[in-house]
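Student: Predicted model and sequence below, questions to follow.
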Amino acid sequence: MSYGAGHDDNHDHKPTGIGRWLFSTNHKDIGTMYLIFALIMFFIGGAMAMVIRAELFQPGLQFVNPQFFNQMTTMHALIMIFGALMPAGVGLANWMIPMMIGAPDMALPRMNNMSFWILPFAFILLLSTLFMDGGAPAGGWTMYPPLTLQLGNAFPFLIFTIHLLGISSILGAINIIATIFNMRAPGMTFMRLPLFVWTWIITAFLLIAAMPVFAGAVTMMLTDKFFDTSFFSAAGGGDPVLFQHLFWFFGHPEVYILILPAFGIVSQILPTFARKPLFGYASMVYATAAIAFLSFFVWAHHMFTVGMPLAGELYFMYATMAIAVPTGVKIFNWIATLWKGSMTFETPMLFSLAFIVLFTIGGFTGLMMGITPVDFQYHDTYFIVAHFHYVLVPGAIFGVMAGIYFWLPKWTGHMYNETLGKWHFWLSAVSVNVLFFPQHFLGLAGMPRRIPDYNVQFADWNMVSSLGGFVFGLSQLLLVVVVIQCVRGGQKATDQVWEGAHGLEWTLPSPPPFHSFTTPPQVTEATAHS
């Protein structure tokens with residue numbers, strides 16, 4: 001069986017040309033495909049966000065009709081979450097986890113190939129809905145019935161897309177768990193794993209627990225539409241609020257699925273550029289596990305306005321406050337890692353520092369919305385939009401970008417252009433705040449989300465926000481330039497590329513840096529700085 005040009009039966013079956021990518025079982029190739037796919041979807045989803053911000057640049061209806069505007073908000077969310085952020089995280093996991101734990105590859109290489117190749121077809125299905133009668137889904141990314149049930153031909157495509165994405169995520173999660181549990185180097189105990197690996201163990205368990213709930217909810221919606229069931233139809237004795245419960249039981253852990261890998265990346269980068277080990281390694285592991293565990297007990301804080309009993313509202317308010325504690329532990333430990341370190345500020349470090357500051361803003365606004373009585377004011381306003389974008393853009397996306405800059409020399413063998421990297425950082429960091437910070441003011445003043453036209457009182461901040469959005473969107477092109485330059489050549493990367501006072505290596509182990517896992521040397525004052 002020939003896999004492409006240049007195949008010779010006397011040698012290993014190494015596909016070349018397009019076969020190398022189609023049939024690849026190599027974790028690095030698959031990781032690369034995930035990252036390229038995520039980048040393409042990042043720009044498609046970003047283009048949709050530009051449509052939204054262009055329409056909101058001033059009051060009145062300028063460019064698109066309200067139906068298309070809502071299709072853009074729905075598609076932008078689905079593409080950014082399931083097409084850009086999650087595949088980017090899995091791509092980094094594929095590349096780095098085997099190398100960090102001393103494994104030759106992922107445990108299930110063929111399944112790894114399959115879980116990637118499901119994705120392009122799923123998103124072709126989703127994007128094809130833009131060209132159908134009745135148009136793409138326009139019920140918001142939450143897909144609440146009965147609104148979503150009124151979709152035309154796009155509805156089954158939307159449901160099938162979600163099933164494919166769920167299959168891909170679950171297969172990837174099983175693979176990651178199997179790899180980490182079974183393929184660690186001798187002596188690499190769990191409490192010696194780098195934190196990036198730990199965050200991925202926990203994320204993988206979250207995926208396996210949460211995705212089937214979502215799949216069940218959309219399948220119930222499918223049977224409501226085509227088989228005359230009434231799960232979510234009040235006319236037949238069902239309840240649309242049931243869908244909200246199912247959706248948010250998936251949706252809240254999903255937020256942590258997106259952010260935990262970024263926590264892991266930042267926990268690798270800060271010790272490297274502060275040139276000291278991570279502060280409180282064990283407490284970081286336990287805090288991450290606590291965040292994941294608690295994420296299943298707070299889902300209805302997205303639903304304070306549906307008419308819950310008071311006891312339910314109080315419970316979800318207190319549970320939401322509780323989840324802030326392990327997150328606070330992590331932020332404290334990151335700052336303590338930096339404390340009195342010999343810091344340098346290369347691009348990965350800049351993205352990581354911006355991550356800490358801006359993600360914390362997102363965390364504080366989350367606490368504000370966790371207070372039930374005031375959430376009645378914030379709910380479905382631009383304050384919510386500002387909150388979750390602070391968590392996911394300067395949070396999750398900056399985390400992924402920090403990881404890309406940190407590991408690019410490792411992947412390509414070349415140093416990236418540090419000047420362009422810093423330009424990318426500063427343009428992104430400034431414009432992302434110009435884009436999302438004014439939305440807090442708009443929300444507190446009462447501007448509803450998912451509405452293409454608005455009262456003239458909101459005009460000024462919307463214009464500021466849109467300008468920030470256009471600058472942020474365009475500045476992401478610098479990332480593409482940096483990556484292409486780095487892949488094509490440039491200064492050779494050394495094996496200790498981030499040369500500091502101690503010549504730190506690629507992945508500074510989060511626990512004390514023993515170089516032999518089987519027989520840890522005794523670290524003395526004399527050997528500590530050797």
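Tutor: All right, it came through fine.
Student: Show me which helix runs longest in the chain.
Tutor: Taking DSSP state H as the criterion, the chain has its longest helix at helix 240-274.
Student: any idea of the mean pLDDT in that one?
Tutor: When pLDDT is averaged along helix 240-274, the result is 95.
Student: could you point out which element follows it?
Tutor: Next helix or strand after helix 240-274 toward the C-terminus (DSSP states H and E): helix 281-294.
Student: so what does that next one touch, helix or strand wise?
Tutor: helix 195-226, helix 240-274, helix 310-338 (3 or more CB pairs under 8 Å, 6 or more residues apart in numbering; DSSP states H and E). (C-beta placed from N, C-alpha, C; glycine too.)
Student: buried set for it?
Tutor: Residues 281, 284, 285, 287, 288, 289, 290, 291, 292, 294 are the ones in helix 281-294 that count as buried (16 or more other CB atoms under 10 Å).
Student: Start and end of stretch 222-239, how far apart?
Tutor: Criterion CA to CA, to the nearest Å; first-to-last residue distance in stretch 222-239 is 15 Å.
Student: How far off centre is that stretch?
Tutor: 33 Å (CA atoms, centre = their mean, to the nearest Å).
Student: Show me the strands in the protein, by range?
Tutor: Counting by DSSP state E, the chain has no strands at all.
Student: contacts for stretch 50-70?
Tutor: 72-73, 76, 135, 138-140, 435, 450-456, 458-459, 462-463, 465-466, 469-470, 473 (CB atoms under 8 Å, 6 or more residues apart in numbering).
Student: Same question for stretch 164-179.
Tutor: Taking CB under 8 Å, 6+ apart as the rule, stretch 164-179 contacts 82, 86, 90, 93, 97-98, 101, 103, 106-108, 111-112, 114-116, 118-119, 121-122, 125, 200-201, 203-205, 207-208, 211-212, 214-215.
Student: Low-confidence stretches in the chain?
Tutor: 1-13, 496-530 (pLDDT under 70).
Student: From residue 118, how far off is the nearest residue to residue 230 once chain neighbours are set aside?
Tutor: Residue nearest to residue 230 in three dimensions, not counting chain neighbours: residue 236, with 2.5 Å by CB to CB, 6 or more residues apart in numbering. To residue 118, residue 236 is 34 Å away according to CB to CB, to the nearest Å.
Student: Look at these two and report which has more neighbours.
Tutor: residue 118 (19 against 11; other CB atoms under 10 Å).
Student: give the contact list for residue 294.
Tutor: Applying CB under 8 Å, 6+ apart, we find residue 294 in contact with 319, 322, 323, 326.
Student: How much space separates residue 431 from residue 393?
Tutor: 10 Å.
Student: do residue 445 as well
Tutor: 22 Å.
Student: try residue 348
Tutor: To residue 393, residue 348 is 17 Å away according to CB to CB.
Student: same thing with residue 481?
Tutor: 20 Å.
Student: same deal with residue 409?
Tutor: Distance from residue 409 to residue 393, by CB to CB: 25 Å.
Student: re the thing from before, which of residue 481 and residue 393 has more neighbours?
Tutor: Shown here are residue 481 and residue 393; by other CB under 10 Å, residue 393 has more neighbours (20 against 14).
Student: Narrow the contacts of stretch 164-179 to those that are buried.
Tutor: Looking at the contacts of stretch 164-179 with 16+ other CB under 10 Å, the buried ones turn out to be 82, 86, 90, 93, 97-98, 101, 103, 106-108, 111-112, 115-116, 118-119, 122, 125, 200-201, 203-205, 207, 211, 214-215.
Student: what about the closest residue to residue 117 other than its chain neighbours, neighbour count?
Tutor: Leaving aside its chain neighbours, residue 117 sits nearest to residue 22 (7.8 Å; criterion: CB to CB, 6+ apart). Residue 22: 13 surrounding residues under other CB under 10 Å.
Student: residue contacts, residue 116?
Tutor: 30, 33, 34, 37, 168.
Student: my bad, should have said residue 352
Tutor: Listed by CB under 8 Å, 6+ apart, the contact partners of residue 352 are 265, 266, 269, 270, 273, 398, 399, 402.
Student: Name the nearest of these relative to residue 232.
Tutor: residue 399 (35.4 Å; CB to CB).
Student: all helices for the stretch 351-500 of the chain, in order.
Tutor: 372-378, 382-391, 398-412, 418-444, 459-475, 477-488 (DSSP state H, counting those that start in this stretch).
Student: Need the residues that contact the second one.
Tutor: Contacts made with helix 382-391 from outside it, assessed by CB under 8 Å, 6+ apart, are listed as 255, 259, 358-359, 361-363, 365-366, 368-369, 378, 435-437, 439-440, 442-444, 447-449.
Student: about what we covered before: can you redo the contacts of residue 294 as a markdown table with distance to residue 161?
Tutor: Output for those, formatted as a markdown table (distance: CB to CB, whole Å):
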| residue | distance to residue 161 |
| --- | --- |
| 319 | 32 |
| 322 | 35 |
| 323 | 30 |
| 326 | 33 |
